[in-house]
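A.B. asks: how would this look folded up:
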Amino acid sequence: FLVEEGVRYPAQVKYSLAEKYMKWRMSDGAHHNTARLDLVVFSMVMKQSVRLEFAQGNPFAQLGIERVEPKEKAELTDEDIKIIREALQKKAEWMRLAFEIALYTGCRLSDTSISMKDIDLERRTITFQKPKGGKKRAFTTKFSVNLSPLLERLKADGREKTLELPQKNYAYPEINTNNFSRFFKALHKDGKLSDPSITFHSTRVTFVTRHARARTDERIVKKLVNHSSTLVHQIYSRLKAEDTTDEELEIGLPAPIAPPIQPPSLAESSPRLTEDPAPSRNAIANNHSRKRRKAPSGTRQDHSELST
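C.D. replies: Below you'll find the model as predicted:
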């Protein structure tokens, strides 16, 4: 981006670049918060530039760009998975491999490039050496038998890794034709998927949700996807009320002895009015007026009568 803008020195950085960068970065498929985080990091670089007297000030010190709440990723339906697999047949092999590995393990895209040494085909385990959070978050998970044929073929081919993730070229973004952001945007444009929020990360949401629907122990699922927080883990689950089984609705309450007594209807419970309804204020006023007209001249009506 800086190359395109002709910026070579810290002193050339202006605040107007922030807005331009947000549009440039998001046009390549990045999320608003991702682009914003890039500017936060760049602000740290500019802060150091000021200390070293390469620039007089840091225009990114106060960006004024708020973080937005990301949309929830949807679960993939069986039809979505079918459509995605068919569309991936026209794409690079690494994309097809990454999708299948993520779908059956719930791992992130960055974790789909796995050393074959970290895969135990007999025990059906994968060790992720550098997941999100670094080496200290390394973990071993077990994978489905449905993934075994694919991993066995890769090992038979003599692969060192399951796949090689391409390095993104920011100087020439037009050559990044096989990335998943563009891939899913094209599917959404054609209206082929069930939910507009579906992305590659939906594979992880699908893995967690389907395990939850299958009543897999939550502690086991957390281990499988390396979630340390129950709160974070619950964010990924997309269970609905209709996912509840009849057995789960039975909570041990005793059965009712008889059907509940129906309350009587309003017509049956309310006694009928046999007397005339109370006179209105207008009727009372008219009655008083007639009494005044009937009173003899020179006489005075009793005050209590008028009040009544």
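A.B. asks: average pLDDT across stretch 53-63?
C.D. replies: For stretch 53-63, mean pLDDT rounds to 90.
A.B. asks: buried residues in that stretch?
C.D. replies: Buried positions in stretch 53-63, judged by neighbour count with 16 or more other Cβ atoms under 10 Å: A55, N58, P59, F60, L63. Every C-beta, even on glycine, is put in place using the N, C-alpha and C of the backbone.
A.B. asks: Surely the third one is in contact with M46?
C.D. replies: This points to P59. Yes. Assessed by Cβ atoms under 8 Å, P59 is found in contact with M46 at 7.3 Å.
A.B. asks: Next, show the common contact partners of the two.
C.D. replies: Both P59 and M46 are in contact with V13, where contact means Cβ atoms under 8 Å, 6 or more residues apart in numbering.
A.B. asks: phi, psi of F180?
C.D. replies: Per-residue torsions, F180: phi -70, psi -30 (degrees, to the nearest 10).
A.B. asks: Run a quick neighbour tally on it.
C.D. replies: Using other Cβ atoms under 10 Å, F180 has 17 neighbouring residues.
A.B. asks: Please apply the same query to the one 5 residues further on.
C.D. replies: As a burial measure, the neighbour count of K185 was computed by other Cβ under 10 Å and equals 13.
A.B. asks: That one belongs to a helix?
C.D. replies: Yes. Read with DSSP: H, G, I helix; E, B strand; the rest coil, K185 is one of the residues of a helix.
A.B. asks: what sits against it?
C.D. replies: Here K185 is in contact with G29 (Cβ under 8 Å, 6+ apart).
A.B. asks: which parts of the biggest helix by length in the chain are buried?
C.D. replies: In the chain, with assignment by DSSP state H, the single longest helix is helix 32-51. Residues of helix 32-51 classed as buried: A35, R36, L39, F42, S43, M46, S49 (neighbour count, 16+ other Cβ under 10 Å).
A.B. asks: out of those residues, who's nearest F99?
C.D. replies: F99 has its nearest neighbour among these in A35, at 25.0 Å by Cβ to Cβ.
A.B. asks: Is it correct that E5 is in contact with K20?
C.D. replies: Yes. Using Cβ under 8 Å, E5 is in contact with K20, at 7.1 Å.
A.B. asks: what is in contact with these two at once?
C.D. replies: Residues touching both E5 and K20 (Cβ under 8 Å, 6+ apart): there are none.
A.B. asks: which stretches of the stretch 101-250 of the chain have low pLDDT?
C.D. replies: In the predicted model, the stretch 101-250 of the chain carries pLDDT under 70 at residues 168-178, 227-250.
A.B. asks: mind listing the strands for it?
C.D. replies: 119-120, 125-128, 139-142 (DSSP state E, counting those that start in this stretch).
A.B. asks: Reformat these as CSV; add distance to M95.
C.D. replies: CSV is the format used below for these (distance: least, Cβ to Cβ, whole Å):
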stretch, distance to M95
strand 119-120, 20
strand 125-128, 19
strand 139-142, 22
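A.B. asks: how about these, which one is nearest A30?
C.D. replies: Across those, A30 has its closest neighbour in strand 125-128 (24.1 Å, Cβ to Cβ).
A.B. asks: Run me through the strand neighbours of that closest one, direction for each.
C.D. replies: Using DSSP bridges, strand 125-128 pairs in its sheet with strand 119-120 (antiparallel), strand 139-142 (antiparallel).
A.B. asks: ok, for V50, nearest residue in space, not its chain neighbours?
C.D. replies: Using Cβ to Cβ, 6 or more residues apart in numbering and skipping residues adjacent in sequence, the residue nearest V50 is N58, 5.3 Å away.
A.B. asks: what's the helix or strand for that neighbour?
C.D. replies: Counting by DSSP states H and E, no helix or strand carries N58.
A.B. asks: ok, now which ones touch it?
C.D. replies: N58 neighbours (Cβ under 8 Å, 6+ apart): S43, M46, K47, S49, V50.
A.B. asks: if you compare the strands paired with strand 125-128, which one is most tucked away?
C.D. replies: Across the strands paired with strand 125-128, the average number of neighbours (mean count of other Cβ atoms under 10 Å) peaks for strand 119-120, which reaches a mean of 17.
A.B. asks: Run through who's touching it.
C.D. replies: T125, I126, T127, L151, K155, T162.
A.B. asks: Likewise for stretch 36-50?
C.D. replies: The contact list for stretch 36-50 (Cβ under 8 Å, 6+ apart) reads 10, 13, 18, 21-22, 25, 55-61, 63, 65, 67.
A.B. asks: cool, stretch 198-205 as well?
C.D. replies: 73-76, 80, 98-99, 102-103, 106-109, 180-181, 184, 187-188, 225, 236, 238.
A.B. asks: For it, measure first residue to last.
C.D. replies: 10 Å (Cα to Cα, to the nearest Å).
A.B. asks: Stretch 66-77 too?
C.D. replies: By Cα to Cα, one end of stretch 66-77 lies 33 Å from the other end.
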